[in-house]
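Enquirer: no FASTA, just this:
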């Protein structure tokens, strides 16, 4: 119940395409859902996050869609660029409960020029 | 780049030895979380320190321990190292004892031989 499932494991798109990464969770107590971007040899960097009272959030070219009833959320990257090639992780947290923070297994994205 | 720094960058230890990893949090943050990231996997939450107290712990044995200092920097100590402890160890800082707006350091790569 503490897991976050993420798919696909890897994704290849052409420049300008819109890669979509999906995550699903079981624990309905989760109430904060961030996405992180990680380049090789670097720590994860916070991209965008959403709370379950919002169905969509956009920041620049990154959009999170959230479906509370289905317990699913996804990351869309508009007009993808080769520089977006990285590993993306979704995560989930229960508010004010320090130990309940889990990451998905990651999606390796390659954007071809 | 975040203001979170970690030392050392790389470390090689022998099975059975002990290791101490260090983390300096971003200015204004009072919470530090530690994660273990095995190759090709998502980060796994080890524990969190908030105002110098352990604020939550993931599924890691007691030989993983930590400290947080009055300036909010932190140490991760691992005793009786095992081969499976080889991983990238990440620290992240935030404010308020939760994982919201959490910023990661570059990590320490630990190799146990």
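Expert: Alright, I've got the coordinates. Just so it is clear, the structure is predicted and the values come from calculations on it, not from any experiment.

Enquirer: measure the residue in chain B that chain A sits nearest to to residue B:46 for me?
Expert: The nearest approach of chain B to chain A comes at residue B:56, 2.7 Å away (C-beta to the nearest C-beta). Any C-beta I mention is one placed from the backbone N, CA and C, and that applies to glycine too. Separation of residue B:56 from residue B:46 (C-beta to C-beta, to the nearest Å): 10 Å.

Enquirer: swap in residue A:16?
Expert: According to C-beta to C-beta, residue A:16 and residue B:46 sit 40 Å apart.

Enquirer: And these two? Which one has more around it.
Expert: A count of neighbours by other C-beta atoms under 10 Å in any protein chain shown puts residue B:46 above the other of residue A:16 and residue B:46, at 23 against 10.

Enquirer: Residue B:77 is in contact with the more buried one, correct?
Expert: No: checked against C-beta atoms under 8 Å, the pair residue B:46 and residue B:77 is beyond contact range at 11.0 Å.

Enquirer: any low-confidence regions in chain B?
Expert: Chain B contains residues with pLDDT under 70 at B:1.

Enquirer: For it, which residues are neighbours of chain A?
Expert: Contact residues, chain B versus chain A (C-beta under 8 Å from any C-beta of the partner chain): B:2, B:4, B:33, B:40-45, B:47-48, B:50, B:55-58, B:90, B:92, B:97-107.

Enquirer: Next step: the residues you listed restricted to strands.
Expert: Those of these mapping onto strands are B:33, B:44-45, B:47-48, B:50, B:55-57, B:90, B:92, B:103-104, per DSSP state E.

Enquirer: Quickly check those residues for the two that are furthest apart.
Expert: B:57 and B:103 (20.8 Å; C-beta to C-beta).

Enquirer: Tell me which of the two has more neighbours.
Expert: Set residue B:57 next to residue B:103 and count neighbours by other C-beta under 10 Å: residue B:103 wins out with 19 against 16.

Enquirer: count of neighbours near the closest residue to the more buried one other than its chain neighbours?
Expert: Excluding the flanking residues, the one nearest residue B:103 by C-beta to C-beta, 6 or more residues apart in numbering or on different chains is residue B:2, at 4.0 Å. By other C-beta under 10 Å, the residues close to residue B:2 number 17.

Enquirer: need the contact list for residue B:2.
Expert: Residue B:2 sits next to A:43, A:45, B:26, B:93, B:103-105 when contact means C-beta atoms under 8 Å, 6 or more residues apart in numbering or on different chains.

Enquirer: try residue B:44
Expert: When contacts are counted by C-beta under 8 Å, 6+ apart, residue B:44 touches A:103, B:35-38, B:58-60.

Enquirer: How much space separates it from residue A:68?
Expert: Distance, residue B:44 to residue A:68, by C-beta to C-beta: 26 Å.

Enquirer: How about residue A:13?
Expert: 28 Å.
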